[in-house]
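Visitor: Give me a model of this one.
(4 chains)
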2 protein chains.
Amino acid sequence: MSLSYALLSILNILPMTGYDLKHQAFDQTVRYYWPADQSQIYRTLKRLTEKGMLTATVEDSDQGPDRKVYHVTEKGRQALADWQRTDQQPPTIRDPFLIQMSFGSELTNDELHSLIAHQLEVHRAQLAEYQAIPIPPREAFPQNRWLALQHLTLDLGRRIERAYVEWLQMCLDADLPAPEGQEPRLLDNPDN
Amino acid sequence: MSLSYALLSILNILPMTGYDLKHQAFDQTVRYYWPADQSQIYRTLKRLTEKGMLTATVEDSDQGPDRKVYHVTEKGRQALADWQRTDQQPPTIRDPFLIQMSFGSELTNDELHSLIAHQLEVHRAQLAEYQAIPIPPREAFPQNRWLALQHLTLDLGRRIERAYVEWLQMCLDADLPAPEGQEPRLLDNPDN
DNA sequence: TTTGACTATATGATATGTCCTATAGGAGAG
DNA sequence: CTCTCCTATAGGACATATCATATAGTCAAA
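Guide: Numbers count the residues shown, from 1 in each chain, chains lettered A, B, ... in the order given. Predicted structure coming up:
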């Protein structure tokens, strides 16, 4: 669902090919909030075309194979406009590291430490990546609504990653009871 | 993958049925970092049994139908132990609201405001839910390693939701340039 | 001139996740 | 005695996402 509207959103600004969508849009910015595989993009474009949301025009390129440029139809524009005004569900969180943390009481402190340190590295790198995204400062184009929204969107990414980094640092510093403590119990085990 | 190890992790602490896994473990706590559907749990239990990671013992219940209790085998325990020590990828973020924000420059301020207000409501509710999870205070069992890890895990959830709430509040207050500003452009459009 | 890199589209296979429905025992309400 | 709720397991259908591979044109380097 959402991938379709991400594609419609981009193509509504600028008609382009599946290849461009992948390399210019998704790989550069969109992946931070909605990653998508090449094959998934092509298949979704096909489906949206069949549904009458998009039309494709084949243009021959001076360098490389023909380019199939997708344009949003009036029907697609209407469907997009409706979706853009519809409240969305919050994101589903699926973090395998939290399974490890939550059930990691049998690991040694060193083992836990190592897992946490790795996550810290990864999330620091992610934060650094967000900081490095080459987006013009708002002051450069103070009247650009689109740019303002890009900055806001990017700022959430940074806040989330900062939250991870701060939490992971706290976890590293936390001194846990020794592994040979009490028997682990499920939070909701009636015996608890 | 991760769902399998979540199941093994839980069953390694306490053997139980698919029903219990769903209602006692996933619905209560695990869903915050790895939600799972009932049918997915049952199918994964079946697959893990076929792989020799689990064994099932059917016990007749005094009230209700028979209970199929799953136990982790030695092979399963070993596979779990390996996974528990393996570094994990950071979570994939897929937030449809950020598609709306990122490409929402054609919406009116009122329309954007309404979308943001809804997200704020939802994330505030989520934060409140985290605050309300009935987990005994660490001080009550200061030697319980498992409990300490539960608190750490829960704390990340709270931090993330707080980051969302603070960001959304900032978005509400942000004064954006009017919709009739400059033409929207893709960040990585060469013409930019 | 072959090889590799980049542009460009497409499909098969598989994994994962969601929604819905079927089946069935036991308990309590009406 | 039927209806509903809770416990309990299971599978069909579908949607979504990932991984791998095939095809093909253009260009530059070896």
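Visitor: Chain A against DNA strand D: which residues are in contact?
Guide: Residues of chain A lying close to DNA strand D (C-beta under 7 Å from any atom of the strand) are A:1-3, A:35-40, A:62-65. For glycine as for every other residue, the C-beta is placed from the backbone atoms N, C-alpha and C.
Visitor: any chance of these in JSON lines, with pLDDT, neighbour count and secondary structure too?
Guide: Below are these laid out as JSON lines (pLDDT from 0 to 100; neighbours: other C-beta atoms under 10 Å in any protein chain shown; DSSP: H, G, I helix; E, B strand; the rest coil):
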{"residue": "A:1", "pLDDT": "93", "neighbour count": "8", "secondary structure": "coil"}
{"residue": "A:2", "pLDDT": "98", "neighbour count": "19", "secondary structure": "helix"}
{"residue": "A:3", "pLDDT": "98", "neighbour count": "21", "secondary structure": "helix"}
{"residue": "A:35", "pLDDT": "98", "neighbour count": "14", "secondary structure": "coil"}
{"residue": "A:36", "pLDDT": "98", "neighbour count": "20", "secondary structure": "coil"}
{"residue": "A:37", "pLDDT": "97", "neighbour count": "11", "secondary structure": "coil"}
{"residue": "A:38", "pLDDT": "98", "neighbour count": "14", "secondary structure": "helix"}
{"residue": "A:39", "pLDDT": "97", "neighbour count": "10", "secondary structure": "helix"}
{"residue": "A:40", "pLDDT": "98", "neighbour count": "13", "secondary structure": "helix"}
{"residue": "A:62", "pLDDT": "74", "neighbour count": "4", "secondary structure": "coil"}
{"residue": "A:63", "pLDDT": "75", "neighbour count": "4", "secondary structure": "coil"}
{"residue": "A:64", "pLDDT": "75", "neighbour count": "8", "secondary structure": "coil"}
{"residue": "A:65", "pLDDT": "82", "neighbour count": "8", "secondary structure": "coil"}
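Visitor: Show me which pair in those residues is furthest apart.
Guide: A:1 and A:62 (37.0 Å; C-beta to C-beta).
Visitor: CA atoms only: put the strand or helix carrying residue A:78 into PDB for me.
Guide: Using DSSP states H and E, residue A:78 falls within helix A:74-84. Taking Å, rounded to 0.1, in the frame of the first residue of the first chain, the C-alpha atoms of helix A:74-84 are listed here in PDB:
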ATOM      1  CA  GLU A  74      -5.600  12.000 -13.200                       C
ATOM      2  CA  LYS A  75      -6.900   9.000 -11.500                       C
ATOM      3  CA  GLY A  76      -3.600   8.400  -9.800                       C
ATOM      4  CA  ARG A  77      -3.400  12.100  -8.700                       C
ATOM      5  CA  GLN A  78      -6.800  11.800  -7.100                       C
ATOM      6  CA  ALA A  79      -6.000   8.500  -5.300                       C
ATOM      7  CA  LEU A  80      -2.800  10.200  -4.100                       C
ATOM      8  CA  ALA A  81      -4.600  13.300  -2.900                       C
ATOM      9  CA  ASP A  82      -7.000  11.100  -0.900                       C
ATOM     10  CA  TRP A  83      -4.300   9.100   0.700                       C
ATOM     11  CA  GLN A  84      -2.200  12.100   1.600                       C
END
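Visitor: For it, which residues meet the burial criterion?
Guide: The neighbour-count check on helix A:74-84 (16 or more other C-beta atoms under 10 Å in any protein chain shown) flags A:76, A:79, A:80, A:83, A:84 as buried.
Visitor: Residue A:120: neighbouring residues, count only.
Guide: 17 (other C-beta atoms under 10 Å in any protein chain shown).
Visitor: now swap in residue A:14 and tell me
Guide: 17.
Visitor: care to break chain A down by domain?
Guide: Listed domain ranges for chain A are A:2-84, A:96-173 (source: automatic domain parsing).
Visitor: Residue B:129: which of those domains is closest?
Guide: The closest of these to residue B:129 is domain A:96-173. By C-beta to C-beta, the value is 16.1 Å.
Visitor: Can you pull up the most central residue in chain A?
Guide: Central residue of chain A (C-alpha atoms, centre = their mean): residue A:33, 2.5 Å from the mean position.
Visitor: these two touch, right, it and residue A:154?
Guide: No. Between residue A:33 and residue A:154 there is no contact under C-beta atoms under 8 Å: 9.8 Å.
Visitor: longest helix of chain A?
Guide: helix A:145-173 (DSSP state H).
Visitor: what's the distance between the residue lying closest to residue A:94 once chain neighbours are set aside and residue A:124?
Guide: Excluding its sequence neighbours, the residue lying closest to residue A:94 (C-beta to C-beta, 6 or more residues apart in numbering or on different chains) is residue B:34, at 5.5 Å. Distance, residue B:34 to residue A:124, by C-beta to C-beta, to the nearest Å: 24 Å.
Visitor: Over to residue A:111?
Guide: 21 Å.
Visitor: and what of residue A:174?
Guide: From residue A:174 to residue A:124 the distance is 18 Å (C-beta to C-beta).
Visitor: Now do the SS call for the nearest residue to residue A:7 once chain neighbours are set aside.
Guide: Nearest residue to residue A:7, sequence neighbours excluded (C-beta to C-beta, 6+ apart): residue A:44, at 6.1 Å. What DSSP: H, G, I helix; E, B strand; the rest coil gives for residue A:44 is helix.
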